[in-house]
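Undergrad: just a sequence and a predicted model for now, questions to come.
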Amino acid sequence: MPLIIQIDTYSYNSCSSRPIHRAFTQIKVFCDKGAERKLRDEEKKQLRRRVKGKNSSSGPSSPIRRAEGTLFKSMLDLDSQPVLFIPDVHFGNLQRAGQVFAVNTDEVVMDRALPMKKLSCQEEICPPQPKKSKVEPERKVLLYVRKECDEVFDALMLRAPTLRALLEAISEKYTVPVERITKVYQKSKKGVLVNMDDNIIQHYSNEDTFILALESSANTFRVTLSEI
């Protein structure tokens, strides 16, 4: 099964979520013992070609050479947000998968120091185009949250992976008016505090767990979700 693997490189000292480099290549995934069988089949084909070449008085074909390394090709698009692929959540939503994994070969450069080179499907790897599918409703996200002093978690069902849906779920669970929630933060395990937005929530998986802090001040509320 041919797949496209993408690697994003980030700067540890940068506060930006934008990668400093993005590259991709094609890989092939085999079933158990599938790669060995493929190599044996290729060796048999090469042997038959060499025998046929000797019979026809032509030079023998070159033996199979296994690749010693994999060349990753750079991409210019560093702004598209990657999405963690979880089969039971994302499978079937091919529009999102196409947005994440589709590669614009016109923007591929062989080296950052070289001018951009336009590649064709015949010269280089072209990713498969996403198939058309029926438009599916936005997926729901189930989160488990508890306050610092609680021992039991509460379930928050987000009707969609958006900040608005998170606010509505918190308002329904804790009887807090949505319009009075002015700030929503996420605190990572490293202690990094960031403003919550739709992009962060789209990375959540079902049954992710958080410590919820609900602070009130001057008739407004501040919500902080800390990763566990």
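TA: Cool, got the structure.
Undergrad: near Thr25, how many other residues are there?
TA: Look at Thr25: counted by other CB atoms under 10 Å, it has 14 neighbours. The C-beta positions use only the backbone N, C-alpha and C, and glycine is treated the same way.
Undergrad: that one touches Lys73, doesn't it?
TA: Yes. Counting by CB atoms under 8 Å, Thr25 touches Lys73, with 6.5 Å between them.
Undergrad: by mean pLDDT, point me to the weakest helix or strand of the chain.
TA: strand 108-109 (a mean of 41; mean pLDDT, DSSP states H and E).
Undergrad: where along the protein do the strands fall?
TA: Assigned by DSSP state E, the chain shows strands spanning 2-9, 21-28, 73-75, 108-109, 141-146, 154-158, 181-187, 193-195, 208-217, 220-227.
Undergrad: okay, those in JSON lines with distance to Arg164 next?
TA: Listed next are the strands of the chain as JSON lines, based on distance: least, CB to CB, whole Å:
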{"stretch": "strand 2-9", "distance to Arg164": "28"}
{"stretch": "strand 21-28", "distance to Arg164": "30"}
{"stretch": "strand 73-75", "distance to Arg164": "32"}
{"stretch": "strand 108-109", "distance to Arg164": "37"}
{"stretch": "strand 141-146", "distance to Arg164": "13"}
{"stretch": "strand 154-158", "distance to Arg164": "9"}
{"stretch": "strand 181-187", "distance to Arg164": "10"}
{"stretch": "strand 193-195", "distance to Arg164": "15"}
{"stretch": "strand 208-217", "distance to Arg164": "17"}
{"stretch": "strand 220-227", "distance to Arg164": "13"}
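Undergrad: out of those, which is closest to Ser171?
TA: Minimum separation from Ser171 across the strands of the chain (CB to CB) falls at strand 181-187, 7.1 Å.
Undergrad: what does the closest one contact?
TA: 163, 166-167, 170-171, 193-196, 200, 220-227 (CB atoms under 8 Å, 6 or more residues apart in numbering).
Undergrad: in PyMOL, how would I select just the buried ones from the residues you listed?
TA: Per 16 or more other CB atoms under 10 Å, the buried members of those correspond to this PyMOL selection:
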select buried, resi 163+166+167+170+171+196+200+221+223+224+225+226
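Undergrad: rewinding a little: of the strands of the chain, which approaches Arg49 most closely?
TA: Among the strands of the chain, strand 21-28 comes nearest to Arg49, with 22.2 Å by CB to CB.
Undergrad: what mean pLDDT does the closest one have?
TA: Averaging pLDDT along strand 21-28 yields 88.
Undergrad: adjacent strands (with direction) for that strand?
TA: Strand pairing for strand 21-28, using DSSP bridges, gives strand 2-9 (antiparallel), strand 73-75 (antiparallel).
Undergrad: so which of those is the most surrounded?
TA: strand 73-75 (a mean of 18; mean count of other CB atoms under 10 Å).
Undergrad: what pLDDT, on average, does it get?
TA: 90.
Undergrad: now stretch 190-206
TA: 87.
Undergrad: same check on stretch 166-178?
TA: For stretch 166-178, the mean confidence score works out to 89.
Undergrad: that older thread, which one of the strands paired with strand 21-28 has the lowest average pLDDT?
TA: strand 2-9 (a mean of 86).
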